[in-house]
Structures are given as structure tokens and as C-alpha cells.
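Participant: only geometry, no sequence info:
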């Protein structure tokens, strides 16, 4: 067992265009900060990183403001299909579910799959697992998401994606967000873990698979852990989470790995963001979008990235 270290946590609730008005900022903070506080308190009690990630993702999935769990967007056929993944940096195990419906917390299934020999399940297999575990059926649909889908259907689905912050006053247009929630944790024993969960883009072709169920969007080793948000196809094309983590594992400082990776993504005109931690406790984030909805605890206090818009691709705490 490692000597105790100062635990750290960073979470995100998506990315997108600028939030306007202090009311918008404060509303998002009221959703993010209690999650950071709960996860950090659990870590201070001696919980392992995987347990803390599970709690944080559950809380974010249960907040209808975000596009994961309750409040997930609807696909083109009016159905909700959610994807999530989990990776424990200590064990090196990745697990995921793809396009699952009618469960409250997809992250609970991927956490269970950490101990399974078959660790990534698609829609049918994930539904069978939920039945085996006797997970109660749950309808994640909210009135706002249904209204959003009905309006878009009248327009013959011209939008390529739905909004992801489920309060219109928080975004400048209905397509201002890029969905997904994520939690990255360093526990007091030096263990890293990460979880990512999403309702998808919204209005997408049936069967489309999100980066959130892939190492491209969610990855960890004993050296670093990264959760991504943004346009899933852009994240997949960059293989962003795995790229950053491998660079740190190969010896780069976290901020340098983030800077190189986001410089490449920017040159390729990608629309994405990421949050990251390394084994030393360094906290970093990056974005090519205008806003990254992220908050963190650096061991002393809580901070966030909501007003971080100084032109840099990468920031750190």
C-alpha cells in the first residue's frame, strides 16, 4: 500500500458555447459543487478511487441538468439510449455499456463489470445484465427533453445534436452544448480511477456509439486518468483520453501531455474537452470549445472552469 497522499477530484458536466449571465453560472455551480464536496468527503474517509468515481457519476447522472442518466437526450426514433464506461488505473481494467435503456444509473452496471470477464456490453447484453442484477426499470425522460425532440421532429431533424444543459437560459442556443458527465479521482493511497457517462448526441442515427464507452473518451493507468466530453466522433478520431494518458505514462508531465494533445486537436478543428489527474496530484483540463463545465477540489478548496476563457487550450490547478 502506498503512503497516504492528498486526494484530488475533478468532474465535468459537458462543454459548449458560452454561458450567459451570473444566474447561469451560479446554477451550474449549484449542480457541480455538491458533487465535488461529496466525492472529496468520501475520499477523505479513506474510500478507494473506484468507489468515489461511482458516487460522483451517480450524482451527476441523477441531475436532469446534464445529458446522462435522468435528462438524457432522445435519439432520432424518440428513444433514450445511454452509454458509460469506467476504468480503474490500479487494476488497469476498462468496462463499459453501450446504448442501454430504462436504467437510472448506467455507471452502476459498468462498475459491476469491472469484476466480470466480459467487460464491455452492447444494448442487448447490457439489458440482460440489468435484469440479472434486478436493476429496477427507470424512465430517464424529462419533459424538457421530450419537448426538445418533438420540436426537432417538426423540423425533420435538421440539427446534428441536441442541447446538453437542460435549462434553456443557461445556453445561447439549443445546440450550444456537448453532452456527457465525467469524474476523475486520485484517492489517498495514490490510486486513480475515472468514469464517464452520456445520453449521446441526441437525434442521432439508431445504433450510433459514443466515445464515452471507449478508451478514446475514458482512460486511466496508474500514472494518469482522463475523461472527455464534446463531439464523440472528434474525440474518437483523436483517441484523446488514451493519447493523453499514454503520454503521461511514457514520461511526459500531465500539462505538457494535455497541451500537445489539445494543440493537435485544435489543428484538426475538433470540438472537445477533457479533465485529467495524474498520480502526483496534478489537476488539468483542456478545451477547444468556449466553455467546459468542470469543477475540482485541489486539496485546499473547490474551484471551477466555468469562467476560464483566456484563450489557452489547457489549464491547471
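Facilitator: Structure's in. What do you need? Predicted model, so just to flag it, every value in this text is computed and none were measured.

Participant: all contacts plus neighbour counts: C-alpha atoms, from now on.
Facilitator: Noted.

Participant: On the three-state scheme, the closest residue to residue 135 other than its chain neighbours is what?
Facilitator: In space, and not counting its chain neighbours, residue 135 is closest to residue 103: 7.1 Å by CA to CA, 6 or more residues apart in numbering. At residue 103, secondary structure determined by DSSP: H, G, I helix; E, B strand; the rest coil is coil.

Participant: how about residue 103, what does it touch?
Facilitator: Residue 103 makes contact with 69, 130, 135-140 under the criterion CA atoms under 8 Å, 6 or more residues apart in numbering.

Participant: what about it, distance to residue 115?
Facilitator: As judged by CA to CA, to the nearest Å, residue 103 and residue 115 stand 20 Å apart.

Participant: And residue 105, by the same measure?
Facilitator: As judged by CA to CA, residue 105 and residue 115 stand 18 Å apart.

Participant: Could you do residue 315 as well?
Facilitator: Distance from residue 315 to residue 115, by CA to CA: 35 Å.

Participant: same check, this time on residue 82
Facilitator: Relative to residue 115, residue 82 is positioned 21 Å away (CA to CA).

Participant: Please identify which of these two sits among more neighbours.
Facilitator: More neighbours surround residue 82 than the other of residue 82 and residue 115, with 34 against 11 (other CA atoms under 10 Å).

Participant: Show the contacting residues for the more buried one.
Facilitator: Residue 82 makes contacts with 68-69, 72, 98-101, 106, 197-200, as judged by CA under 8 Å, 6+ apart.

Participant: And for residue 15?
Facilitator: 177-179, 229-230, 272-273, 289-293.

Participant: Run through the bridge partners of the nearest residue to residue 297 once chain neighbours are set aside.
Facilitator: In space, and not counting its chain neighbours, residue 297 is closest to residue 9: 5.4 Å by CA to CA, 6+ apart. Beta bridges link residue 9 to residue 185, residue 297 when assigned by DSSP bridges.

Participant: count of neighbours near residue 9?
Facilitator: Neighbour count for residue 9, taken as other CA under 10 Å: 32.

Participant: Please report the distance of it from residue 49.
Facilitator: 9 Å.

Participant: what ranges do the helices span in the protein?
Facilitator: Assigned helices in the chain, in chain order: 22-44, 49-61, 106-113, 123-132, 143-154, 232-238, 240-249, 254-267 (criterion: DSSP state H).

Participant: TSV please, covering the contacts of residue 15 and showing pLDDT, distance to residue 93 and neighbour count.
Facilitator: What follows is the contacts of residue 15, written out as TSV (pLDDT from 0 to 100; distance: CA to CA, whole Å; neighbours: other CA atoms under 10 Å):
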residue	pLDDT	distance to residue 93	neighbour count
177	48	30	34
178	55	27	30
179	70	24	32
229	96	21	34
230	94	24	27
272	95	24	29
273	96	23	33
289	90	30	21
290	87	33	22
291	89	31	24
292	93	27	32
293	94	27	25
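
Participant: can you put those in TSV and add distance to residue 151?
Facilitator: Formatted as TSV, the contacts of residue 15 follow (distance: CA to CA, whole Å):
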residue	distance to residue 151
177	17
178	19
179	19
229	25
230	23
272	26
273	28
289	26
290	26
291	26
292	27
293	26
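
Participant: if we take these, which one ends up nearest to residue 34?
Facilitator: Nearest to residue 34 among those: residue 293, at 14.1 Å, using CA to CA.
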